[in-house]
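Undergrad: dropping a prediction and its sequence here:
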Amino acid sequence: MIEAIKASYQEMPWIELVAVLSGVLYLILAAYENIWCWFWSLLSVVLYMYILSNAKLWAETGLQFYYLGTTAYGFYVWKFGGRNKAEKLIEKLNIREHFLFSGLIVFGALGLGSFLHFNTDASMPFVDSFTTIGAIVVTYMVTRKYLENWLYWIVVDGVGVYMYWSKELYLTALLFLAYTIMVVFGYFKWLRDYRNQVSNK
């Protein structure tokens, strides 16, 4: 396993490594509600456009274009999306919204996975589609500062670990493993901040 990781690093000596580090910085800063997380998101997105297209993970490649938009949108909402264009505060989802977001992920993944399976040379079309649709939905939740986005990320990132490891993108797989662990911290950090918001009203 260690030799495989070394081989992966030698084949892509800096692009994947920089993308991984940028992704880690994005997540850490997002957990602390630091608006500069969106800059590191942008850098990671551009690099992964190149990496994922080489791996023929077309759904994930297309996802990066969506991330370009959400990076700008997220920056704007976090900065001006609160009351009277103040900083955006954390919100909680209700039951109806949970059903809506989870339904979008499941049925979206089935639809996209079927299309990729029958019409392209995509590798792992349904797994690829699940992580793609899941990331689309949950990234929107991040831009809106929904507390529960972190819980959804646990599932999406966990599946991502399996997918990237299977495609021998070992550094990215380790990144998603780190994500899976770090989002737990992010959830409790945001939960504490949310409770402080409520108590200060």
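TA: Noted; the coordinates are in hand. Numbering: from 1, shown residues only.
Undergrad: contacts and neighbour counts: CA atoms only from here.
TA: Fine.
Undergrad: longest helix in this structure, please.
TA: helix 170-199 (DSSP state H).
Undergrad: quick one: list the elements packing against that helix.
TA: Judged by 3 or more Cα pairs under 8 Å, 6 or more residues apart in numbering; DSSP states H and E, the packing partners of helix 170-199 are helix 2-11, helix 15-31, helix 149-166.
Undergrad: could those helices go into a markdown table alongside mean pLDDT?
TA: Below are those laid out as a markdown table (pLDDT from 0 to 100):
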| stretch | mean pLDDT |
| --- | --- |
| helix 2-11 | 57 |
| helix 15-31 | 88 |
| helix 149-166 | 94 |
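Undergrad: between those, which one is nearest to residue 40?
TA: Counting by Cα to Cα, residue 40 lies closest to helix 15-31 out of the helices and strands packed on helix 170-199; the figure is 5.2 Å.
Undergrad: what does the helix or strand following that closest one contact?
TA: Using DSSP states H and E, the next helix or strand after helix 15-31 towards the C-terminus is helix 37-54. With contact meaning Cα atoms under 8 Å, 6 or more residues apart in numbering, helix 37-54 is reached by 15-16, 18-20, 22-23, 25-30, 58, 60-61, 64-65, 67-68, 71-72, 74-75.
Undergrad: got the angle for the helix or strand just after helix 37-54 vs helix 37-54?
TA: Using DSSP H and E, the helix or strand that follows helix 37-54 in sequence is helix 58-80. Orientation of helix 58-80 against helix 37-54 (axes from the mean of the first three to the mean of the last three Cα atoms, to 10 degrees) gives an angle of 170 degrees.
Undergrad: so for helix 58-80, what gets flagged as buried?
TA: For helix 58-80, the neighbour count (16 or more other Cα atoms under 10 Å) marks 58-61, 63-64, 67-68, 70-71, 73-78 as buried.
Undergrad: likewise stretch 24-37?
TA: For stretch 24-37, by 16+ other Cα under 10 Å, it's 24-31, 33, 35, 37.
Undergrad: quick check, pLDDT for residue 69.
TA: Model confidence at residue 69, given as pLDDT, is 91.
Undergrad: wait, I meant residue 12
TA: Per-residue confidence at residue 12 stands at 54 (pLDDT).
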